[in-house]
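> compute the structure for the input listed below.
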Amino acid sequence: MNQQRLLPELKSRFDRDGFVAVDPLFDAEQMAQIRAEVDRFLVEEVPRMPPERVYYEDRADRASIKQLQKLYEYSAFFHRLMFDGPVRQIAETVLGEAVVPQNMQFFNKPAGIGQATPPHQDGYYFHLQPCRAVTGWLALEPVDDENGCIHYLRGSHQSRTFRPHGFTQVLGFSQGMTDFGSEEDRAATVACPGRPGTFLIHDAYTVHWAGANRSATRSRRALGFIYYAVSAGLDQVSKDAYQQRLDERLRIEGRI
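As a prediction, the model looks like this:
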């Protein structure tokens, strides 16, 4: 991608729609390096990570990892990708200000068992005031409707409010919208399939979700990036209390 030339266009589309896609952000050689580090990480780093940072679709099956948290704290390669790469530049462009890196995640929907991601707004989890933040998503392999591509509700960021959310049973997405699915919602839905290297970024208020992985043979692996704007204020007490309640709930349920 000729990133410098496209940045103003990305900003314009982001402001209008609440999300934008870059297809691709990374070329084949770069993606080979990223995937190699993911493969190494899964073998060498995951066994050393605390259980609250490793989620499985099936805890009895260690090959069914569905989500990892804070990858950059365990890998110099991922630290550079999070802090110094083009992803951060795009985040700063669409937000219109400097950003503070918050989290880098690994997402997977294993073949045949990867659950749907419920409709939600990321900012509902973030406990920010003002809520100025973005989430990036990088496809590590081909993604389409069958294996669970992301869907966005175009323009849903413009109200700058959160729709009602409630607890879900989906590990890693503890809150989901409770009023989603109207005719208006369906009309504004945009599916975002892609190839390895496709990058999506969306506003913290943008409603989004992903289907289950219905493929019997293909996984759906991706990296996630969360950045807060420097102007965002974090209610750390509220966030820590929420995380503590969530971790305790998951332990009681035997899910972590």
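> next up, the contacts around the residue most central in space within the chain.
Compute the mean C-alpha point of the chain, and by C-alpha atoms, centre = their mean the closest residue is residue 224, 4.1 Å away. Residue 224 sits next to 103-107, 135-138 when contact means C-beta atoms under 8 Å, 6 or more residues apart in numbering. Using the backbone N, CA and C atoms, a C-beta is placed for each residue, glycine as well.
> can you check residue 53 too?
68-70.
> select only the buried ones of those in PyMOL?
Only the buried entries of the contacts of residue 53 go into this PyMOL selection, using 16 or more other C-beta atoms under 10 Å:
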select buried, resi 68+69+70
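> beta partners for residue 228?
In this structure, residue 228 bridges to residue 100, residue 133 when assessed by DSSP bridges.
> ok, now which ones touch it?
Contacts of residue 228 (C-beta under 8 Å, 6+ apart): 99-100, 102, 126, 128, 132-133, 234.
> do you know how far the nearest residue to residue 48 once chain neighbours are set aside is from residue 68?
Leaving aside its sequence neighbours, residue 48 sits nearest to residue 74 (C-beta to C-beta, 6 or more residues apart in numbering; 7.4 Å). Applying C-beta to C-beta, to the nearest Å, the value for residue 74 to residue 68 is 9 Å.
> name the residues contacting each of these two.
Residues touching both residue 74 and residue 68 by C-beta under 8 Å, 6+ apart: 41, 49.
> thinking again about what came up before, give me phi/psi at the residue nearest to residue 48?
For residue 74, the backbone dihedrals (degrees, to the nearest 10) come out as phi -120, psi -10.
> ok but residue 118 is inside a helix, no?
No. Under DSSP: H, G, I helix; E, B strand; the rest coil, residue 118 falls outside any helix and is assigned strand.
> that one against residue 169, yeah?
No. Residue 118 lies out of contact with residue 169 (C-beta atoms under 8 Å); the separation is 9.2 Å.
> look at those two and report which has more neighbours.
The neighbour count for residue 118 versus residue 169, taken as other C-beta atoms under 10 Å, is higher for residue 118 (19 against 11).
> check which helix or strand the residue nearest to the more buried one when sequence neighbours are not counted maps to.
Counting by C-beta to C-beta, 6+ apart, the nearest residue to residue 118 once its immediate chain neighbours are dropped is residue 176, at 3.1 Å. Residue 176 belongs to strand 175-177 when assigned by DSSP states H and E.
> give the pairing partners of that strand; include direction for each.
By DSSP bridges, strand 175-177 pairs with strand 165-167 (antiparallel).
> next one: stretch 142-161 to chain centre, how far?
11 Å (C-alpha atoms, centre = their mean, to the nearest Å).
> that one spans what distance, first to last residue?
In stretch 142-161, first residue to last residue: 33 Å (C-alpha to C-alpha, to the nearest Å).
> let me see the mean pLDDT of that stretch.
Averaging pLDDT along stretch 142-161 gives 98.
> what's the answer for stretch 221-234, then?
The predicted model gives stretch 221-234 an average pLDDT of 96.
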